[in-house]
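S.K.: Pasted the sequence and its predicted model underneath.
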Amino acid sequence: MKKLAVVILLLFLFCVVTGCSDASDSPSAGAGAPGGESEVIDLTEMSSTVVYTEVYNMVTTPDDYVGKTIKVDGLYTPSFFDTTGDYYHYILVEDATACCQQGLEFVWEGDHAYPGDYPAEGEEILIEGVFTSYMELGEKYYYILTEDISA
């Protein structure tokens, strides 16, 4: 139990330290690329620790990422929600020790049917798309709108 508390404390301190660093060092720093193009946050080029921290930030402060292009790889996971009767699709990103995962919802543009058109559950995938939001059942949800899924 003591060991778990130490690990949680270290993770918390890591997040505090990275959150207090100079904003210009952050992969998500800046309001966008010159010329009005969307800023691209390429999580595939970062260490697993930085990726997990960035994804954590996306989940806890999602409005900071809306409109930015996100490139990420991870494990594909579908989830059925009884209330809406729909499947939702996620890419799971693991931390450096592979003990924790954070999921990002994505929507695949076009006419794709689940399960036939989607990868197998647990398959490693790569997506790139714009981080955006939608309202459902009175709640705001965030997702990556992608044009393609690479396995």
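M.R.: Structure received.
S.K.: What ranges does the chain have for its helices?
M.R.: 2-19, 48-60 (DSSP state H).
S.K.: Spatially nearest residue to the residue nearest in space to the middle of the chain, not counting backbone neighbours?
M.R.: Geometric centre of the chain, nearest residue: L104, 3.9 Å, by Cα atoms, centre = their mean. Closest residue to L104 apart from its sequence neighbours, by Cβ to Cβ, 6 or more residues apart in numbering: I91 at 5.4 Å. C-beta: built from backbone N, CA, C; applies to glycine.
S.K.: ok, that neighbour - contacts?
M.R.: 72-77, 103-104, 106, 125, 127, 144 (Cβ atoms under 8 Å, 6 or more residues apart in numbering).
S.K.: tell me which of those is nearest to P62?
M.R.: L104 (9.8 Å; Cβ to Cβ).
S.K.: List the buried residues in stretch 92-107.
M.R.: Neighbour-count burial for stretch 92-107 flags 93-95, 102-104, 106 (criterion: 16 or more other Cβ atoms under 10 Å).
S.K.: can you check stretch 63-79 too?
M.R.: Buried-residue list, stretch 63-79, by 16+ other Cβ under 10 Å: 65, 68-72, 74-77.
S.K.: swap in stretch 108-117?
M.R.: Neighbour-count burial for stretch 108-117 [16+ other Cβ under 10 Å]: W108.
S.K.: Need the contact partners of that stretch.
M.R.: Applying Cβ under 8 Å, 6+ apart, the contact partners of stretch 108-117 are 78, 87, 89, 118, 129, 145-149.
S.K.: Looking at D63 now. What's its pLDDT?
M.R.: For D63, the pLDDT comes out at 97.
S.K.: i'd like the first residue to be 9 from this point on
M.R.: Will do, 9 is the new start, and the previous item becomes D71.
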